[in-house]
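**Student:** Give me a 3D structure for the following:
(2 chains)
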There are 2 protein chains.
Amino acid sequence: MEPSQNIYDDPAFFTNYVQLPRQQKGLLGAPEWPALRAMLGSVQGKDVLDLGCGMGWVCRWARDESAKMVKGVDLSETMIAKAREFDAATEGRVAAIDYVVQDLETWMVEPEQEWDVVFSSLTLHYLYDLRRLAQEIYSSLRSGGRFVFSVEHPIYTAPKNPAFVPTPGSPDSKTWQLNAYAEEGVRLTSWLGAKGVRKYHRTMETYLSVLLETGFVLRGFREWMPEAESVGGAKGWVGERDRPMFLLVGVEKAA
Amino acid sequence: MEPSQNIYDDPAFFTNYVQLPRQQKGLLGAPEWPALRAMLGSVQGKDVLDLGCGMGWVCRWARDESAKMVKGVDLSETMIAKAREFDAATEGRVAAIDYVVQDLETWMVEPEQEWDVVFSSLTLHYLYDLRRLAQEIYSSLRSGGRFVFSVEHPIYTAPKNPAFVPTPGSPDSKTWQLNAYAEEGVRLTSWLGAKGVRKYHRTMETYLSVLLETGFVLRGFREWMPEAESVGGAKGWVGERDRPMFLLVGVEKAA
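**Tutor:** Below you'll find the predicted structure:
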């Protein structure tokens, strides 16, 4: 296992990253959020943990919905600093959020702390050791508690050269170049000017098997794609119904 | 909904079909069988229903493992006749198998009959109405009973032109032309000389959501691909690790 990669503390990358719609607009810039929100259920009066909290959008959402306790964990000091900065600007209303800079590859549950909801948005595909983390999450959840997460979809992470090409014979439509699906492990890509961004491809079988073997019960499974009427409009979603980009999963620690 | 398609009773097609390794060798010619077998658990003393039983291989396997009662359902009279012919050749040892010619689009559970195991191999992707069938299966299972099935994988059924092409830039490897994943519904393909073979593409989200909404609990999920050392050998499995061909699912009616 290589040391955890942290591209977010690179100022050149971060300058580009904060321009993304989902960073500019928060959860409103994340089109998959309503589907994830539905999996989370009400968080009122609950203890919520956000793993890979980034700039803290979900922490603030949970606080706005009157969660009892909210904690955000992220590897990047820059992201956590930005989250704290946003919170300071909301006049103390969200002061009870606790942010911690920590690497999820080695993060361990605090023995005293139990959670009702553990959430993770677009983070787990950067981690090498999913099984260890799933076990930590399971042991930190109360009975009936939920773990809800999104990742880049295995169809999206699999290819050695992840790209659309015009469909042979019908150049108006697009085809996703899928290969290497069975070969789990590191994929190096370029993103927002950063080269060698390291992700870990896993099959859907592995995601689900790790969760089932940990003891979780599957409650929700979504392969997020935009609705047909959204494609081809201003959002530039051509091709986004040809293969799913995000996988959303909700599991429960049975009572 | 169009009338159910039955290519198996076409003599020209059937002549080709019975030449397939999995028809010639039975379960030994089905490389995904050990993974399915593991999901089924012991069937000793149990009541087993096989939906889309074809030539009856699974019925005979279950009988050999001392199932209490075995029933096979298939749309094709030719297939059922072949199954009965094989059984007659085994000297009465498997006489207690009950075969029924019936269309799974309209099949209804017999109110008096309950099952411990319902099985279906490579059949459900030919059916229009999965939800109705899942509900029938659920209501016909005893508490703690299992429904185990294989289908062509959604990555395999999605494309409008399902084919491998040489990977652009590295012609020694293959790329699966994936598109139209979000567009569920009819796909027409050619198979063994039969044109216009009708399948129904569904996403993984749909398969799992239908099962969860019916009340099932997910127990096993496999995206079957051959092991790395098998590829490139005599079996001609080049490309078969670039995308999964079969999806194997095991669910339980909770006690």
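
**Student:** residue boundaries of the helices in the stretch 151-255 of chain A?
**Tutor:** Assigned helices in the stretch 151-255 of chain A, in chain order: A:154-157, A:204-214 (criterion: DSSP state H, counting those that start in this stretch).

**Student:** And the residue in the stretch 1-150 of chain A positioned nearest to chain B, which helix or strand is it part of?
**Tutor:** Distances between the stretch 1-150 of chain A and chain B by Cβ to the nearest Cβ are smallest at A:Ala35, namely 10.1 Å. Yep, even glycine has a C-beta here, placed from its N, CA and C like the rest. Applying DSSP states H and E as the criterion places A:Ala35 in helix A:33-40.

**Student:** per-residue confidence for the residue of chain A most remote from its centre?
**Tutor:** Going by Cα atoms, centre = their mean, the residue of chain A most distant from its centre is A:Gly169, 36.2 Å out. Per-residue confidence (pLDDT) for A:Gly169: 79.

**Student:** Show me which residues of stretch A:15-35 are buried.
**Tutor:** Within stretch A:15-35, the residues that qualify as buried by neighbour count (16 or more other Cβ atoms under 10 Å in any protein chain shown) are A:Tyr17, A:Arg22, A:Gln23, A:Gly26, A:Leu27, A:Ala30, A:Pro31, A:Glu32, A:Trp33, A:Ala35.

**Student:** from those residues, which is closest to A:Arg219?
**Tutor:** Taking Cβ to Cβ as the measure, A:Arg219 lies nearest A:Ala35 of the buried residues of stretch A:15-35, at 13.2 Å.

**Student:** got a list of what the closest one touches?
**Tutor:** Residues in contact with A:Ala35 (Cβ atoms under 8 Å, 6 or more residues apart in numbering or on different chains) are A:Arg222, A:Trp224, A:Leu248.

**Student:** These also near chain B: which ones?
**Tutor:** A:Arg222 (Cβ under 8 Å from any Cβ of the partner chain).

**Student:** so which of the contacts of A:Ala35 would you say is closest to A:Gly52?
**Tutor:** A:Leu248 (14.7 Å).

**Student:** which residues does the residue lying closest to that closest one once chain neighbours are set aside contact?
**Tutor:** Spatial nearest neighbour of A:Leu248, excluding adjacent residues (Cβ to Cβ, 6 or more residues apart in numbering or on different chains): A:Arg222 at 4.1 Å. The neighbours of A:Arg222, taking Cβ under 8 Å, 6+ apart as the test, are A:Glu32, A:Ala35, A:Met39, A:Leu247, A:Leu248, A:Val249, B:Glu205.

**Student:** Isn't the fourth one up against A:Ser150?
**Tutor:** So the one you mean is A:Leu247. Yes - counting by Cβ atoms under 8 Å, A:Ser150 is a contact partner of A:Leu247 at 6.8 Å.

**Student:** Now for these two: what residues contact both?
**Tutor:** A:Trp224.

**Student:** near chain B, which residues of the stretch 51-200 of chain A show up?
**Tutor:** Near chain B, when you scan the stretch 51-200 of chain A using Cβ under 8 Å from any Cβ, you find A:155, A:159-161, A:165, A:167-169, A:173-183.

**Student:** Appreciated, that's everything.
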